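> The amino acid sequence is not available; the structure is as follows:
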C-alpha cells in the first residue's frame with residue numbers, strides 16, 4: 001500500500017501563495033488518481049482537488065477553482081497543489097490521498113480515498 005507524506009504548509013497572508021507537495025512511496029502511485037482534501041476546525045473534511053492517473057484530467061471544488069492548480073510528477077511519485085490568492089477561509093489542515101479504486105476518472109467521494117497522509121497545516125491571515 002502506498003504511503004503518503006505531505007509538506008509545504010505554513011502561515012501566509014491573504015493574497016499569498018503556497019505549494020503543497022505529497023510524496024508517495026511503497027505503492028502504485030502511477031496507477032491511482034490522487035486527491036487533496038482539507039479540514040478546518042469543527043468542520044467536515046472536504047474535497048479540494050483531484051488529478052487522474054493520466055496527469056491530465058483534473059477536478060476542483062468551486063471554492064478553489066481558478067486559484068488552485070493540481071499536478072503530478074510520476075518520475076518523482078509526487079502530487080502538488082499550487083495555491084494562489086489565498087483567503088482566510090482556506091485555513092485548514094490539507095491532506096492528500098490515493099484513490100483506492102484505480103478508476104480511470106476522478107471522484108470527490110472521500111470514502112474512495114485510502115490511504116491518507118498525515119496532513120499539513122495551512123493558515124491564512126487576514
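That came through, no problem. Note that the coordinates shown come from a computational prediction; the quantities given were computed from them, not determined experimentally. Residues are numbered from 1 along each chain as shown.

> Could you use CA atoms for every contact and neighbour count after this?
Will do.

> Could you look up the SS state of the spatially most central residue of the chain?
By Cα atoms, centre = their mean, the chain has its centre lying nearest to residue 36, at 2.1 Å. When states are read from DSSP: H, G, I helix; E, B strand; the rest coil, the local structure at residue 36 comes out as strand.

> Could you report the distance from it to residue 6?
10 Å (Cα to Cα, to the nearest Å).

> Now do the least confident helix or strand in the chain by mean pLDDT: distance to the chain's middle.
Sorting the helices and strands of the chain by mean pLDDT, DSSP states H and E puts strand 113-116 at the bottom, at a mean of 93. With Cα atoms, centre = their mean, to the nearest Å as the basis, strand 113-116 stands 12 Å off its chain's centre.

> Give the partner strands of that strand in its sheet and their orientations.
In the sheet, strand 113-116 lines up against strand 92-99 (antiparallel) (DSSP bridges).

> residues in contact with the strand it pairs with?
2, 4, 6, 22, 29, 32-41, 112-123 (Cα atoms under 8 Å, 6 or more residues apart in numbering).

> buried subset of those residues?
2, 4, 6, 22, 29, 32-40, 113-114, 116-117, 119-123 (16 or more other Cα atoms under 10 Å).

> Understood, closing this out.
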